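*Asks:* From the sequence below, what's the structure:
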Amino acid sequence: MFPGPLGVSLAGDALARGLWSLTAKNIRDHGLGRHRTVDDTPAGGGPGMVIRCDVLAAAIDANVAQDDPRPKLLMSPRGKPLTQSRVRELAAGPGAVIVCGRFEGVDERVIEARGLEEVSIGDYVLSGGEMAAMIVLDACVRLLPGVMGKEASGTEESFESNRLEYPHYTRPREWEGRPIPDVLLSGNHAMIERWRRAESERITRERRPDLLE
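*Replies:* Now for the predicted structure:
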């Protein structure tokens, strides 16, 4: 599944240039028995299957040294919501180990024993953690030095200052009766900055008032 969409465009180009790297490991390499079983029924009953603590711990221990400084993330809908500030911390750090859950969940004991940090990308449920992990990686990779063309591209966008980003326009000057706002064509950078700040606050108030609290 990896690198998937991370192998193309901005992230893919950076991967090819060696600005970041990715190693994918299969938990089934540490599965039990002839069928490489990695899960079992939930203790106490209930639907679905749960990833076994002994199997996941074996997979982590085989691939991550005890003194490895990288944070160990577990993609989980019950985790702390991923924020741009956390993305910046991860991008500035030594990398990350990301565990992609499947089935009903992961045995709580391995989460505690291996210090997994549960991270959520939103209030919805995916069939597995792989897509969520790709989102985390993409958000981090684009902030690495040399990946984006202009550093400002990463500092003047949504969530960087608890605001959603202002609207963007480009050519043509008018399209289907909708002109580019005059202020953006004025050449007055102070006025443009004020307009963008006001638009950013207006959109945040309308769509994400929680960010202003």
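*Asks:* Grab the longest strand from the protein for me.
*Replies:* strand 72-81 (DSSP state E).
*Asks:* got the buried residues for that one?
*Replies:* Residues of strand 72-81 classed as buried by neighbour count (16 or more other Cβ atoms under 10 Å): 72, 73, 74, 75, 76, 77, 79. Glycine gets a C-beta too; all of them are placed from N, C-alpha and C.
*Asks:* contacting residues around it?
*Replies:* With contacts defined as Cβ atoms under 8 Å, 6 or more residues apart in numbering, strand 72-81 is touched by 60, 64, 86, 96-101, 105-106, 111, 114-126, 129, 132-133, 136.
*Asks:* which ones among those are found in strands?
*Replies:* Using DSSP E, the contacts of strand 72-81 in strands are 97, 98, 99, 100, 105, 106, 117, 118, 119, 120.
*Asks:* Mind putting those into TSV with neighbour count and distance to residue 157?
*Replies:* Formatted as TSV, the ones in strands among the contacts of strand 72-81 follow (neighbours: other Cβ atoms under 10 Å; distance: Cβ to Cβ, whole Å):
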residue	neighbour count	distance to residue 157
97	18	27
98	24	23
99	26	28
100	20	27
105	18	33
106	22	33
117	17	25
118	16	26
119	25	20
120	16	21
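*Asks:* Where does pLDDT dip in the protein?
*Replies:* The chain contains residues with pLDDT under 70 at 151-156.
*Asks:* which residue of it sits farthest from its center?
*Replies:* residue 177 (38.0 Å; Cα atoms, centre = their mean).
*Asks:* could you redo the buried residues of strand 72-81 as a markdown table and give each row distance to residue 195?
*Replies:* Below are these laid out as a markdown table (distance: Cβ to Cβ, whole Å):
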| residue | distance to residue 195 |
| --- | --- |
| 72 | 44 |
| 73 | 39 |
| 74 | 42 |
| 75 | 39 |
| 76 | 41 |
| 77 | 38 |
| 79 | 37 |
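*Asks:* now, the most widely separated pair of the residues you listed?
*Replies:* The largest separation in the buried residues of strand 72-81, counting by Cβ to Cβ, is between 72 and 77 at 17.9 Å.
*Asks:* center of this protein - which residue?
*Replies:* Most central in the chain (Cα atoms, centre = their mean) works out to residue 136, at 1.9 Å.
*Asks:* So that residue sits against residue 96, correct?
*Replies:* Yes - when contacts are counted by Cβ atoms under 8 Å, residue 136 is listed as touching residue 96 (7.5 Å).
*Asks:* Spell out, range by range, the helices that occur in this structure.
*Replies:* Along the chain, counting by DSSP state H, helices occupy 9-16, 53-63, 84-92, 108-113, 130-141, 189-207.
*Asks:* Which elements pack onto the fifth one?
*Replies:* Under the contact criterion of 3 or more Cβ pairs under 8 Å, 6 or more residues apart in numbering; DSSP states H and E, the helices and strands touching helix 130-141 comprise helix 9-16, strand 72-81, helix 84-92, strand 97-100, strand 117-120.
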